[in-house]
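In: Build the 3D model from these lines:
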Amino acid sequence: MKAMGAVPADFVGYRGELLIGGRTARELVDIGGDTPLFVYDVGIVRHRIALFRANFPDVALHYAVKANPHPPLVKAIAGLVDGIDVASQGEAALAVASGMAAADISFAGPGKRDRELQAAIEAGITINLESEAEADRALAIGRQIDRRPRLAVRVNPDFDLKGSGMKMGGGAKPFGVDADRAAALVRHIVGEGADYRGLHIFAGSQALGAEAIIDAQALTLDLAARISAEATIEPPLVNLGGGIGIPYFPGEVRVDVQRIGSALTRALTSRDPILAHSAFAIELGRWLVGEAGVYLTRIVDRKVSHGDTFLVVDGGLHHQLAASGNFGTVVRRNYPLALVAKFGGEIEEEVSVVGCLCTPLDRLGDHVGLPRAGVGDLVAIFMAGAYGASASPQSFLGHPAARELTIDGDQIL
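Out: Predicted coordinates:
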């Protein structure tokens, strides 16, 4: 039998049944209309935002919409954060539709097409430049349409975030301008009359070590100061990136954000004078929404093969690629999952939970211990609020897309 990650403490049972935001999971499936169904609880997101505010009092909070772009969820989050960070024209339109002011939206990502740059400039969205060539294109477009572009420089730092699940900085990267060329680019865009909005420095994501995040933030402040001093231009904003991870697997624990926040507050108090009037932001996606989502799927078959029991569900990796272990995971490990109607029940059998796709990759739970389950029972897969539906191959094999439901207390958004 293989271990699973821990179910987030936000979820409880009532008379043995899983509750999500105060409602039973079965009630939510009835409201959603069918399975498979993602449910996102804004109450959990609101708690994460309050935790951030309490520990990072001098730092703005931006939502990285790529983590979960479900429109009702984004709209709810937009009213709780200070900005939204996007990585495409589609995400930019979603951020505007959510009610976020264009001036508080920033657009990063390599390979922005001219029409995307123009749409961002016309809307007044800040473009985080990924290269000198992209800067020249944005400046030329601004001249053509007689609009002053809002431009920031994304920096490829000369360090990475130790222990991060995905390293975004250090060495050759398609993201950002190498640190030793950033100051020259800052001077260039300011000299060309752009509305300079500052620096964006993102070293990595999904880190669970507080000390590594503290070190990376200190190095980020140091780098921002060096670039600004060389350019002799103070940045209006320094986006410190994100990096705070969540515990998916056995043995992983939540990051001590109080420790990180205290260290960053001290670092900001003693920051270089070139950053004296700069504002600071952290962009978070997974940490805000990852634990707030549950994927509900129904058992359609129970079978035994060579002594192993398989619970075949109507969902799968086409909706929850990450839970199957096929989203950048080197060694497959089990996400936390549970039987909805026997939440917290005693383990009675060892089973594998597999999806409905005709591929051996479609395995959502590998030799896990569960109460006895049968056809028609609902399975809940946790940690489903980030990089779920939108990061999975929903068109694969022609199965229907997953349904999505955002709840906030007794409201369905």
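
In: the domain parsing of this protein - what is it?
Out: 12-40+291-412, 69-284 (automatic domain parsing).

In: for the stretch 151-300 of the chain, what spans make up the strands?
Out: Secondary structure of the stretch 151-300 of the chain by DSSP state E, counting those that start in this stretch: the strands cover 166-167, 177-178, 195-201, 204-205, 237-239, 279-284, 293-305.

In: Turn those strands into JSON lines, including mean neighbour count, mean pLDDT and distance to Val74.
Out: Heads up, the C-betas are built off the backbone N, CA and C, glycines and all. Converted to JSON lines, the strands of the stretch 151-300 of the chain look like this (neighbours: other CB atoms under 10 Å; pLDDT from 0 to 100; distance: least, CB to CB, whole Å):
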{"stretch": "strand 166-167", "mean neighbour count": "14", "mean pLDDT": "49", "distance to Val74": "22"}
{"stretch": "strand 177-178", "mean neighbour count": "19", "mean pLDDT": "94", "distance to Val74": "29"}
{"stretch": "strand 195-201", "mean neighbour count": "24", "mean pLDDT": "97", "distance to Val74": "20"}
{"stretch": "strand 204-205", "mean neighbour count": "24", "mean pLDDT": "76", "distance to Val74": "19"}
{"stretch": "strand 237-239", "mean neighbour count": "26", "mean pLDDT": "98", "distance to Val74": "19"}
{"stretch": "strand 279-284", "mean neighbour count": "22", "mean pLDDT": "97", "distance to Val74": "14"}
{"stretch": "strand 293-305", "mean neighbour count": "19", "mean pLDDT": "98", "distance to Val74": "13"}
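
In: Can you say which of those strands is nearest to Ile127?
Out: strand 195-201 (8.6 Å; CB to CB).

In: got the angle between that closest one and strand 279-284?
Out: Orientation check (axes from the mean of the first three to the mean of the last three CA atoms, to 10 degrees): strand 195-201 against strand 279-284 gives 50 degrees.

In: Give me the helices and strands touching strand 195-201, please.
Out: strand 150-156, helix 179-191, helix 210-231, strand 237-239 (3 or more CB pairs under 8 Å, 6 or more residues apart in numbering; DSSP states H and E).

In: The third one vs strand 279-284, what angle?
Out: Spelled out, that is helix 210-231. Using the same axes, to 10 degrees, helix 210-231 lies at 140 degrees relative to strand 279-284.

In: buried residues in helix 210-231?
Out: Neighbour-count burial for helix 210-231, with 16 or more other CB atoms under 10 Å as criterion, is recorded at 210, 212-217, 219-221, 223-228, 231.

In: picking that back up, next, format the helices and strands packed on strand 195-201 as CSV and append distance to Lys303.
Out: Compiled in CSV, these are given as follows (distance: least, CB to CB, whole Å):
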stretch, distance to Lys303
strand 150-156, 50
helix 179-191, 55
helix 210-231, 44
strand 237-239, 51
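
In: low-confidence ranges in the stretch 301-413 of the chain?
Out: Within the stretch 301-413 of the chain, the stretches with pLDDT under 70 are 330.

In: Now the most far-flung residue of the chain relative to its centre: phi and psi?
Out: Distance from the centre of the chain peaks at His306, with 39.7 Å (CA atoms, centre = their mean). Dihedral pair for His306: phi 50, psi 40, per degrees, to the nearest 10.

In: Quick check: the gap between it and Ser352.
Out: Separation of His306 from Ser352 (CB to CB, to the nearest Å): 12 Å.

In: quick one: the helices in this structure?
Out: Assigned by DSSP state H, the helices in the chain fall at 25-32, 42-55, 71-78, 89-97, 114-123, 132-144, 179-191, 210-231, 257-269, 286-289.

In: Identify the residues contacting the second one?
Out: Contacting residues not belonging to helix 42-55 are listed as 8, 10, 21, 61, 73, 76-77, 80-81, 257-258, 260-262, 282, 284, 287-289, 291-292, 385, 406-409, 413 [CB atoms under 8 Å, 6 or more residues apart in numbering].

In: So Leu413 sits against Leu73, correct?
Out: Yes: in this structure Leu413 lies within contact range of Leu73 using CB atoms under 8 Å: 7.4 Å.

In: how about the strands of the stretch 151-300 of the chain, which one is nearest Ala103?
Out: If you check each of these against Ala103 by CB to CB, strand 195-201 wins as the nearest, at 9.2 Å.

In: Can you give the strand pairings for the closest one, parallel or anti for each?
Out: Sheet pairing for strand 195-201, assigned by DSSP bridges, gives strand 150-156 (parallel), strand 237-239 (parallel).

In: got TSV for those, with distance to Ala389 too?
Out: TSV is the format used below for the strands paired with strand 195-201 (distance: least, CB to CB, whole Å):
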stretch	distance to Ala389
strand 150-156	27
strand 237-239	27
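
In: Could you give the number of residues near the closest residue to Ala95 other than its chain neighbours?
Out: Distance criterion CB to CB, 6 or more residues apart in numbering; nearest residue to Ala95, sequence neighbours excluded, is Ile84 at 4.2 Å. For Ile84, the neighbour count with other CB atoms under 10 Å is 27.

In: Tell me how far Ile84 lies from Val331.
Out: Relative to Val331, and taking CB to CB, Ile84 is found at 34 Å.
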